[in-house]
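Student: sequence plus the predicted model coming up.
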Amino acid sequence: MKQSRDSIEDIWGARTPYYNTPWPERFDIRVTEEPDHWVQAACVLCSNGCGMDIGVKDGKIVGVRGRTVDAVNRGRLGPKGLHGWIANHSKDRLTKPLIRKNGKLEESSWDEAMDLIVSNSQRIIKESTSLGIGFYTSGQLFLEEYYTLALMGKAGLGTPHMDGNTRLCTATAAAALKVSFGSDGQPGSYADLDSADTILHVGHNIASQQTVLWMRILDRLAGPNPPKLVVIDPRETATAKKATVHLALKPGTNIPVLNGLLNLIIESGRIDKEYIEASTVGFEELKTIVSEWNPERVEQVSGVPADKLRAAAELLSSAERLVSTVLQGVYQSMQGTAAGVQVNNIHLIRGMIGKPGCGIYQMNGQPTAQNNRECGADGDMPGFRNWGNKEHIQQLADLWNVDIDIIPHWSPPTHAMQIWRYAEKGSIRMLWISGTNPAVSMPEISRVRKILAKEDLFVIVQDAFMTETAELADVVLPVAIWGEKTGCSTNVDRTVHISHKAIEPPGEAKSDLDIFLDYSDRMGFKDKDGNKLIKWTTSEEAFEAWKECTRGRPCDYTGMSYAKLSEGSGIQWPCNEEFPNGTPHLYTNGRFNTDYDYCETFNYDLTTGAAHTGEEYKVFDPKGKAFIKGVDYEQPHEMPDEEYPLWLTTGRLVYHFHTRTKTARSKELHEAAPDSFVQISVEDADKYELEDGEMVEVTSRRGTVLQPVRIGDIEPGTVFIPFHYGYWDNADRPRAANELTLTTWDPVSKQPHFKYSAVRIKKANTGALDIVTDKIKEGAKAIKQIFKSTED
């Protein structure tokens, strides 16, 4: 089926019903002109990882089409994939380096910009050691760039201060997988949806966030033997509207609901006792904890009716093939890692893991977040190695030919929230930000603006556009983006794709890889023998080096090559001599990556976040068994009260990605969702005497925004604001959701809590609009001015 549709109005397209067969092909295409050739790539505007081709004519991108040969999407593309490429040719692309002079950013040469970065690096290292330098990266770079950055930072500079905005969206996915299974890596495959009879979505509006994966579910729902859907979400989303059972819970109460479900599943007796005994440890403790959560108590705490909880539990207990998906409604909420682990527990106690039709997708939020975690450019070690296992660090030292002591491993790598704290306090004096916009995406952004504006913090921003963050930088480096460079990306179900360079970047923009290589050369980073530390100059050479880093590790890439990845579909790791065509399922034999010598973590206390030592782990070494870990409920750190009586939760929209730096450059995507809003229930609209479109003030203890009201499809007492909207295209009013959010985080994953805070609302007045807008502009004078001042 070929389909050139209006994906703005018809988001998910035509149905191709099926069951227990390969997902039928559907060929989606959008072009503005007939291309003269096509270039293989993958979409990078969500975490699904759809195979696509880029249409090129006269050196410009003129369209895209889905790759029907690709197992991930079978030719389909969502609205962002079909329209987002317009950003490549936006007239406001950055094309030359910028340096702050006399309070203003001015164009410079690459030599001048890089010399300034290197001289500041050397000065800070001399005065403060490399602990004065931090990196804050993204889920937008390619695998080869992350690995280069990890080597540069960990073995060149020797700084532990490396993390990314993946801390905001997928850190809990990694943490939950490590806690349960011993290492990162999704156990299942998207193909499990082809035969699953029950699907559980926890805090995951898949219809909006992974539109192509939702198309797969819609096709199953339209075919024979459609699956039953259980959806846990406080809003009646497009996903929830298709649910067999929708559990609309209060923010911050995932643990009571999941404990209640586990209790009922165990009480039903439909658990796999043989699998539990052979392949897990910890079941009896879990059973004791969840036994306290009967349906009536769950209803009292979460607001989920007892009869609905029982109905959902019956579906999960009777399922023969279960797929579960988890996203930000878990990760960014109270007890995020603990809740993600409880979803894993459902599969473990039912023995539904490592087999067709039984998958767990601890989803990612970004297209290359998985690569950041694999490569160690975030708070992990490359190749899923354990920072606490000296032998693992020695493996890296041998691979890179450096002394083991230069690689930071005396404590856990610094997580993003701590990096920002160090920058605030002055111990980090240089912060290098690549491919992300923390002045909009971080929690409590009034604080972030002030940190970025500090005179004693040297800020470097690598980006394709003048974002709210770039406006505060000391140096801005223009980068090539997708379509303008070659590299690999890995999606949620471990499928690796290659995206080939289709066009030249604009002006003097360079790839992130070339920038990191240039910096490394200028800094003179060497190995033990006096040779260049980073021995590659191309992305393919970087990929070959990365393959050696993965040899024998869970994410083994050694059976892949650029040529093999260019033959057709993406390939799922591990791919090696044993699995030359990739691996659809992990843990098929009931053995997990929990052995002391192999595991990525020595595990954590889910309540306190305290990391176990290697010696402690040896005492209860599970020797290949999965961990079943139970946990009791803790109240969110901020609760509604008389002054702030409503819950605020934040999230995403189908037409935009992150802070809209790409998607808002598309006329169609922008016009589909041009502005922010606050969603409230019909009951609350009546209570506050509000009408659709009316402007209201939403205030928390940290700030105020003014938003037009959107009424319906949400539980009373809860309001929702999308987090995409900042000020680069509209500074007429305070509208960024993260003016309101909390600076608190999960004890294990260190992921911030965007999904709950206490707010109040009232009708806006003109005076309030002016006053609050002025307050937003104060923090760092970043909205309309480009200058830094410690007075702010």
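Tutor: Ah, there it is. Model, not experiment: these values are computed from the prediction.

Student: same for the longest helix that the chain contains, what does it pack against?
Tutor: Secondary structure of the chain read by DSSP state H shows that its longest helix is helix 110-128. Packed against helix 110-128 by the contact rule (3 or more C-beta pairs under 8 Å, 6 or more residues apart in numbering; DSSP states H and E) you find strand 98-101, strand 133-137, strand 430-434, strand 458-463, strand 475-478, helix 512-523. Yep, even glycine has a C-beta here, placed from its N, CA and C like the rest.

Student: CSV for the ones you listed, including distance to residue 730, mean neighbour count and mean pLDDT?
Tutor: Shown next, in CSV, are these (distance: least, C-beta to C-beta, whole Å; neighbours: other C-beta atoms under 10 Å; pLDDT from 0 to 100):
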stretch, distance to residue 730, mean neighbour count, mean pLDDT
strand 98-101, 23, 18, 98
strand 133-137, 25, 26, 98
strand 430-434, 23, 25, 98
strand 458-463, 19, 24, 98
strand 475-478, 21, 26, 98
helix 512-523, 28, 21, 98
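
Student: the longest helix of the chain: how far from the chain's middle?
Tutor: Its chain's C-alpha centre and that of helix 110-128 lie 31 Å apart, by C-alpha atoms, centre = their mean, to the nearest Å.

Student: any chance you could map the strands in the stretch 101-250 of the chain?
Tutor: If DSSP state E, counting those that start in this stretch is used as the criterion, the strands of the stretch 101-250 of the chain fall at 104-107, 133-137, 162-164, 198-202, 228-232, 245-247.

Student: out of those, flag the one nearest residue 485.
Tutor: strand 133-137 (15.8 Å; C-beta to C-beta).

Student: pairing partners for the closest one, with directions?
Tutor: Using DSSP bridges, the strands paired with strand 133-137 are strand 162-164 (parallel), strand 430-434 (parallel).

Student: could you check the angle strand 458-463 makes with that strand?
Tutor: In terms of direction (axes from the mean of the first three to the mean of the last three C-alpha atoms, to 10 degrees), strand 133-137 departs from strand 458-463 by 20 degrees.

Student: just to revisit the earlier point, contact partners of the longest helix of the chain?
Tutor: Residues outside helix 110-128 that contact it (C-beta atoms under 8 Å, 6 or more residues apart in numbering): 97-99, 132-133, 157, 427, 429-430, 458, 460, 474-475, 477, 508, 510, 518-519, 522-523.

Student: recalculate using a threshold of 7 Å.
Tutor: Helix 110-128 has contacts (C-beta atoms under 7 Å, 6 or more residues apart in numbering) with 97, 99, 132-133, 429-430, 458, 460, 475, 477, 508, 518-519, 522-523.

Student: need the helices and strands packed on helix 110-128 in JSON lines (columns: distance to residue 384).
Tutor: Below are the helices and strands packed on helix 110-128 laid out as JSON lines (distance: least, C-beta to C-beta, whole Å):
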{"stretch": "strand 98-101", "distance to residue 384": "37"}
{"stretch": "strand 133-137", "distance to residue 384": "18"}
{"stretch": "strand 430-434", "distance to residue 384": "22"}
{"stretch": "strand 458-463", "distance to residue 384": "26"}
{"stretch": "strand 475-478", "distance to residue 384": "30"}
{"stretch": "helix 512-523", "distance to residue 384": "22"}
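
Student: would you map the helices across the stretch 451-600 of the chain?
Tutor: Under the criterion DSSP state H, counting those that start in this stretch, the stretch 451-600 of the chain contains helices at 512-523, 539-550, 562-565.

Student: between the ones you listed, which one is nearest to residue 679?
Tutor: Closest to residue 679 of the helices of the stretch 451-600 of the chain, according to C-beta to C-beta: helix 512-523, at 36.2 Å.

Student: could you point out which residue ranges in the chain have low pLDDT?
Tutor: Within the chain, the stretches with pLDDT under 70 are 1-4, 766-792.

Student: distance from stretch 291-309 to the middle of the chain?
Tutor: 30 Å.

Student: tell me the buried residues in that stretch?
Tutor: For stretch 291-309, a neighbour-count test (16 or more other C-beta atoms under 10 Å) marks 293-295, 297-299, 301-304, 308-309 as buried.

Student: swap in stretch 597-606?
Tutor: By neighbour count on 16+ other C-beta under 10 Å, the buried set for stretch 597-606 is 598-604, 606.

Student: name the nearest of those relative to residue 657.
Tutor: Ranked by distance to residue 657 (C-beta to C-beta), the buried residues of stretch 597-606 are led by residue 600 at 28.6 Å.

Student: leaving out chain neighbours, which residue sits closest to the closest one?
Tutor: Spatial nearest neighbour of residue 600, chain neighbours left out: residue 183 (4.0 Å); criterion: C-beta to C-beta, 6 or more residues apart in numbering.

Student: and the one you found, how many neighbours?
Tutor: Neighbourhood size, residue 183 [other C-beta atoms under 10 Å]: 23.

Student: same check on residue 244?
Tutor: By the criterion of other C-beta under 10 Å, residue 244 has 15 neighbours.

Student: who touches it in this structure?
Tutor: The contact partners of residue 244, by C-beta under 7 Å, 6+ apart, come to 228-230, 315.

Student: count the neighbours of the closest residue to residue 160 other than its chain neighbours for me.
Tutor: Spatial nearest neighbour of residue 160, chain neighbours left out: residue 408 (3.6 Å); criterion: C-beta to C-beta, 6+ apart. Residues near residue 408, counting by other C-beta under 10 Å, number 23.

Student: equivalent analysis for residue 551, please.
Tutor: Residue 551: 13 neighbours (other C-beta under 10 Å).

Student: give the contact list for it.
Tutor: Contacts of residue 551 (C-beta under 7 Å, 6+ apart): residue 558.

Student: ok, it to residue 399 distance?
Tutor: Residue 551 is 9 Å from residue 399, where distance means C-beta to C-beta, to the nearest Å.
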